[in-house]
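# Predicted structure and sequence below. I'll ask about it afterward.
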Amino acid sequence: MPWERDAETWGPPRRLPPIAWVIGPAFLAIISIGGSLGASRGQDGTRSIDALGIALLLVGPVSLALARWWPVPAVIAAGAAVGGWLALGYPYGPVFLGYAVLTVICVARGLRWAAWGAAVLPVIGQVARGWIAPETKWSWTGTGGMVAWLLVALAVAELVRARRDRFAAARTAHRESVKRREGEERLLIAQELHDVVAHHMSLINVQAGVALHLSQREKPEHVEPALRAIRDASGEALGELRSLVDVLRSDHAPAPRAPTVRLAALGDLVERSHAAGLDVTVKRLGTQRELPAAVDLAAYRIVQEAITNVVRHAFATRAVITLDYDIDLTVTVEDNGHGANPDTLVVGNGISGMTERARALGGSVRIDESPLGGLRIIASIPAGERVSS
């Protein structure tokens, strides 16, 4: 956005150091007094600068020094001093400087009403000049200069305020963008952790139960395969968790451009499922092709979660995975178990994770009854050119 580029170019509004609130007013006082004395030499018919005039000239610098804490009284005092200076017939000059700076400060701080309100005071002073000091000479040039000073001061103040507003808007948008990205990253991490842990822990739980059952029946020759399956599943889970943790702990390593698992690894998933007592068949329809990495990972995780649910809840002996490679990749997982009714199914982290993964890529997930007798999960994910990894 334009204001974001402007904010990046110019940076945030800088806070003045405390010493600036001392040096600035002192410098302004010198300019105001010296400049006014010099300007008075070329203006005939004006009041000579006396002690009262010097006092009025110092109101602006003193008000500027106090504006750090009390900006509204400061700008009103400076405006009144300018109005008094004009009404008493003093020469036109840099008396407006202090008021101009205070106008910028007030508008930049959101006190626009104070700056515009104080602008009335110099105008009143100029109008009253002919009545209070009739002996002084009215100057249209001086009047025009005064109006120009006021307009320039207010215009600069509005520009400063607009810049501050643009920077604030850009900063807010940036913070919201960072929060949104962090939320997406947390969701992705939660999905990965759930998919890795839930799947492997479910298989470990089943195999541990089988091993315990066989050991009680004194069939040691059948216990060893179950223990091997537990070892393999736990090893794979630890490996995937280590990979994920390494990415999270690294501050400088680039994020992985490809997932650690793909649909090509379905063979390992099928073997682990067989070890858990579930006969899994994989069918592929259409012309197989290289999928975008994000689609490949999402499809694998959806299949993994679906098989995990079958092992944990469906009491099934058979499951069928169908991959249909069309413009959209359609993944179907169905079983012959007797799990929950699709209409009364309680959505947990697993089903929510599948749905979120598909939606993140513009796809969808639906659940219905399978002709095999159990549940059927159908995930459709766009896999054409419009999906990028």
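Cool, got the structure. Numbers count the residues shown, from 1 in each chain.
# ranges for the helices of the stretch 151-300 of the chain?
For the stretch 151-300 of the chain, the helices defined by DSSP state H, counting those that start in this stretch cover 220-249, 266-275, 293-309.
# Domain map for the chain?
For the chain, automatic domain parsing gives the domain ranges 2-176, 185-382.
# what is the closest residue in space to residue 273 that isn't next to it in sequence paired to in the beta sheet?
The spatial neighbour of residue 273 that comes closest, neighbours along the chain excluded (CB to CB, 6 or more residues apart in numbering), is residue 280 at 4.5 Å. Any C-beta I mention is one placed from the backbone N, CA and C, and that applies to glycine too. Beta-bridge partners for residue 280, by DSSP bridges, are residue 319.
# Surely residue 280 and residue 274 touch.
Yes - assessed by CB atoms under 8 Å, residue 280 is found in contact with residue 274 at 6.8 Å.
# Same drill for the two, tell me which one is more crowded.
residue 280 (23 against 12; other CB atoms under 10 Å).
# Now for the more buried one: which residues touch it?
269-270, 273-274, 307, 318-321 (CB atoms under 8 Å, 6 or more residues apart in numbering).
# With residue 184 as the reference, measure out to it.
Using CB to CB, to the nearest Å, residue 280 is found at 32 Å from residue 184.
# what does residue 121 give?
For residue 121, the distance to residue 184 - CB to CB - is 55 Å.
# swap in residue 38?
For residue 38, the distance to residue 184 - CB to CB - is 64 Å.
# Who are the contact partners of the closest residue to residue 288 other than its chain neighbours?
Take residue 288 and drop its neighbours on the chain: the residue closest to it by CB to CB, 6+ apart is residue 325, 5.5 Å away. Residues in contact with residue 325 (CB under 8 Å, 6+ apart) are 284-289, 383.
# about what we covered before: and the helices of the stretch 151-300 of the chain, which one is worst for confidence?
Sorting the helices of the stretch 151-300 of the chain by mean pLDDT places helix 220-249 lowest, at a mean of 66.
# Okay, buried residues for stretch 306-319 please.
Across stretch 306-319, burial judged by 16 or more other CB atoms under 10 Å covers 306-314, 316, 318-319.
# actually stretch 93-106, sorry about that
93-106.
# between residue 121 and residue 184, which one's more packed in?
Per other CB under 10 Å, whichever of residue 121 and residue 184 has more neighbours is residue 121, with 22 against 11.
# And for residue 72, the neighbour number?
Neighbours of residue 72 (other CB under 10 Å): 17.
# Got the phi and psi for residue 91?
phi -70, psi 150 (degrees, to the nearest 10).
# give me the number of residues near it?
Residue 91 - counted by other CB under 10 Å - has 25 other residues nearby.
# how much space is there between it and residue 127?
Distance, residue 91 to residue 127, using CB to CB: 18 Å.
# Return the distance of residue 262 relative to residue 293.
Relative to residue 293, and taking CB to CB, residue 262 is found at 8 Å.
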